[in-house]
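**Q** turn this into a structure:
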Amino acid sequence: MPYLVECLKSVEAQTIDPGRIEVIAVDDGSTDGTGEYLEEFAARAAMPVTVIRQENSGGPSGPRNVGLGKAGGRYVFFLDADDRLGPEALERMVAMADENGTDVVLGRVEGINRTPPKSMWGKTLGRTDVFSSNIKFTLSAQKLFRRALLDRHGMRFDESLWTGEDALFTMEAYLRADGVSVLADYTCYYLVGREDGKHVTKTGGYALRFDSARALMNLIAEMVPAGTRRDTLMIRPFLVTLLPQFGPKYLKDDEEVRRHKFELAKPLMDAYWTPEVAQRLKVHERLRLHLVAAGRPDLLADIVEFVRAKRQAAAVLEKRGTRVYLIYPHFRSRAAGLPDSLYLAEAREARAFEGYREASANSFLRRALRKIRRTLPPGGFGTAAA
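**A** All right, here's what the predicted structure looks like:
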């Protein structure tokens, strides 16, 4: 409350026939009148509404699992109480799934006082998958899932995770799905930023983020054999979950926290950080994660401070413009001993600099990044068994 009021209004405003909607509302031990409001809504709503009231579970996984266990429809959609739907959302997403026979549908998301992922909304796709699109960068639970898919594989949210549980669930659904649809030309979901800032995803200590990264990386490794396809998916937990722990927040951490973060990151870097993952990242991203993998906190703070200041790195063009090195701290420092290949810009970054020639640059980058192995401690670029 009061976000729930607008949320339920958006449910009542759906253009799909109310007889085709089943609402299961799980009140997870609220103390602000939510339970009573849900009962009132159930009494007046045109569609069938089931209200379940339970003791507070502490996280979203428990109540979602309870609701999923009661669901009887062909499709399931998870709607958070502080967000809302576009009027045609359910009608359009169900039609998309029916037309294409897909198991998961992503409806366009817009933010209200929040910034949602954007890279996957370039165009509507009737049928795609997690390897050939950017859907790996939106792993929230607010998708349309074919219930038969979830039931067939016994899929439920991991109640041991306090954050990132939806990423685990959604990634598994992507990997098991017989096709995924992307509905990019209509806003289906409004992600609302709460004025009190009390979003579950923003609560909890840093160690929970490492738990989330570990769970997602392990899932990907279990379901996808080592190789290019796995590396493509590993970019997501490295960039979205792990890297922020070594961003501006890191500069405010005391020495004990910094040491603990390196300890938590080490087994993940040893198992899943590969040259193929590294080459897909921007220079400052690759640099920071390399220093984490190499156990070099002495150098990391300088890189993070440079990034925090939002300074534009200068560039050095060599080999007739086919190589562009970005001059972040410790570039060609004998004391630091970092290989030039860490600073070598991928084509998408290099194109911003006048004089760059794209021919053969990428092939050089791939060769150069393999040399990074030599600067890591034993196991630094290891690969876990699938």
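
**Q** dump the C-alpha coordinates for stretch 280-289 into CSV.
**A** The C-alpha coordinates for stretch 280-289 follow below in CSV (Å, rounded to 0.1, in the frame of the first residue of the first chain):
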residue,chain,number,x,y,z
ARG,A,280,33.3,-9.4,-24.9
LEU,A,281,33.6,-6.7,-22.3
LYS,A,282,34.6,-3.1,-22.4
VAL,A,283,38.2,-2.3,-21.3
HIS,A,284,37.3,-0.9,-17.9
GLU,A,285,35.0,-3.9,-17.2
ARG,A,286,37.7,-6.4,-18.3
LEU,A,287,40.4,-4.6,-16.3
ARG,A,288,38.5,-4.7,-13.1
LEU,A,289,37.5,-8.3,-13.3
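
**Q** starting at the chain centroid, how far to that stretch?
**A** Centroid separation for stretch 280-289 versus its chain: 17 Å, with Cα atoms, centre = their mean, to the nearest Å.

**Q** buried ones in that stretch?
**A** Within stretch 280-289, the residues scored as buried using 16 or more other Cβ atoms under 10 Å are 280, 281, 283, 284, 285, 286, 287, 288, 289. Quick note: C-beta positions are derived from backbone N, CA and C, even for glycine.

**Q** quick check: the second one touching residue 290?
**A** Put plainly, it is residue 281. No. The criterion here is Cβ atoms under 8 Å, and residue 281 misses it with residue 290 at 9.5 Å.

**Q** of the buried residues of stretch 280-289, which is the nearest to residue 43?
**A** Nearest to residue 43 among those, counting by Cβ to Cβ, is residue 285 at 52.2 Å.

**Q** A strand includes that closest one, no?
**A** No. Going by DSSP: H, G, I helix; E, B strand; the rest coil, the assignment for residue 285 is helix, not a strand.

**Q** who are the contact partners of it?
**A** For residue 285, the contact set (Cβ atoms under 8 Å, 6 or more residues apart in numbering) comprises 239, 243.

**Q** cool, the one 3 residues further on as well?
**A** Residues in contact with residue 288, defined by Cβ under 8 Å, 6+ apart, are 243, 246, 247, 300, 303, 304, 307.

**Q** once you drop chain neighbours, what's closest to the third one?
**A** Going back to what we said before, that points to residue 247. Spatial nearest neighbour of residue 247, chain neighbours left out: residue 304 (6.5 Å); criterion: Cβ to Cβ, 6 or more residues apart in numbering.
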